[in-house]
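Visitor: Sharing a sequence plus its predicted fold:
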Amino acid sequence: MTEGAGKKTGDEDMNMVSFFIGIVFILLHLFANKLLPTERIKRLLWFSFSGGLAVSYVFVYLLPTLHQEQAAIDDKYRALTMESEIYIIGLIGVVSFLLIQVIVRRHDVSRRSSFYTAVAFYTIYNAMISFTVLSADIAGVQAVFYSFAIGLHIIAVAHDMYREFPVEYTHNGRYIMAGGIVAGWVFALTIELDSLMKAIIFAIISGAMIFNVFKNELPHEREIHFPTFAIGVFAYTVVTISLKFFFEW
């Protein structure tokens, strides 16, 4: 097989994986609440396990990747860097996510305005997640594996919106927010950003994701089933480290 043919095959495989991941992300938003167990005990077990996966994802992938993004800033931008800019942008993501939570929870404006403010934010957030995942230079098992943790995060976000605005989210919100996935997908397929812009987008969603994991995805200590949580942490950590070691991810 020639080098050109090999590259073409690799690109086709990556496109197929991206297509599959994009469709799954959209379906998760549309049917998130139907995927969750209805019985309270099973629901707590599910959230305990997914919370464990999310915490592991933050520490064994998200934070190390943020460090890599900071270290990989091009030389032409070095005069502006202090080895902390990416983390500061991640902090902005945390603050932005908290602000939206304050608006939604306190209903400082009307309920309708609170709902559409949250939907607008999450739609942009979904577009950024979709763009980051689908434009990343990863494919095959690696892409599917990391997207699994993102998929659980999407379910948690969708469930949180449904819990706060059950009627509005079911009728309108889930479709608009799923549209954010489509927008990010189209953006990833049609526009190539430089490495610095990709790093900035990744840092913003990382900050928002870290906040959401510890604020909303991690069950309250009175409700968490710790053995199931620990299994989630252990399983995702071991598999991630093993795959990084054997496949040099």
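Guide: Nice, thanks for sending it over.
Visitor: was I right about residue 212 contacting residue 157?
Guide: Yes - using CB atoms under 8 Å, residue 212 is in contact with residue 157, at 6.7 Å. Backbone N, C-alpha and C define where each C-beta goes, glycine included.
Visitor: so which strand or helix has the residue at minimal distance from the centre of the chain?
Guide: The chain has residue 150 as the residue nearest its centroid, 4.1 Å off, counting by CA atoms, centre = their mean. Residue 150 belongs to helix 140-164 when assigned by DSSP states H and E.
Visitor: What are the buried residues along that helix?
Guide: Buried residues in helix 140-164, counted by 16 or more other CB atoms under 10 Å: 143, 145-162, 164.
Visitor: Can you name the next helix or strand after it?
Guide: Note on helix 140-164: by DSSP H and E, the next helix or strand toward the C-terminus is helix 166-168.
Visitor: list the buried ones in that following helix?
Guide: For helix 166-168, a neighbour-count test (16+ other CB under 10 Å) marks residue 168 as buried.
Visitor: How about stretch 241-249?
Guide: For stretch 241-249, burial by neighbour count (16+ other CB under 10 Å) applies to no residue.
Visitor: Ok, stretch 36-49 next?
Guide: Under 16+ other CB under 10 Å, the buried positions of stretch 36-49 are 36, 44-49.
Visitor: ok, now stretch 88-103?
Guide: Neighbour counts using 16+ other CB under 10 Å place 89-91, 93-94, 96-97, 100-101, 103 of stretch 88-103 among the buried residues.
Visitor: Over to stretch 215-223?
Guide: 216-219.
Visitor: so residue 219, which of the three states?
Guide: coil (DSSP: H, G, I helix; E, B strand; the rest coil).
Visitor: An error on my part: the question was meant for residue 38.
Guide: coil.
Visitor: Phi, psi for it please.
Guide: Phi and psi for residue 38, reported as degrees, to the nearest 10, are phi -90, psi -30.
Visitor: same thing with residue 91?
Guide: Torsion angles, degrees, to the nearest 10, at residue 91: phi -60, psi -40.
Visitor: Can you give me the buried ones in the helix or strand where residue 177 lies?
Guide: Taking DSSP H and E as the criterion, residue 177 maps to helix 174-190. Residues 174, 176-178, 180-181, 183-185, 187-188 are the ones in helix 174-190 that count as buried (16+ other CB under 10 Å).
Visitor: Which of those residues sits closest to residue 53?
Guide: residue 181 (20.3 Å; CB to CB).
Visitor: ok, that closest one - contacts?
Guide: 22, 25-26, 29, 126-127, 129-130 (CB atoms under 8 Å, 6 or more residues apart in numbering).
Visitor: Against residue 173, how distant is it?
Guide: The gap separating residue 181 from residue 173 is 13 Å, by CB to CB, to the nearest Å.
Visitor: next one: residue 115
Guide: From residue 115 to residue 173 the distance is 7 Å (CB to CB).
Visitor: Name the residue in those two with the higher neighbour count.
Guide: residue 173 (24 against 21; other CB atoms under 10 Å).
Visitor: ok so, going back, mind putting the buried residues of stretch 215-223 in TSV, distance to residue 64 included?
Guide: Output for those, formatted as TSV (distance: CB to CB, whole Å):
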residue	distance to residue 64
216	23
217	20
218	20
219	25
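Visitor: Out of those residues, which two sit at the greatest distance?
Guide: For the buried residues of stretch 215-223, the farthest-apart pair by CB to CB is 216 and 219; their separation is 9.7 Å.
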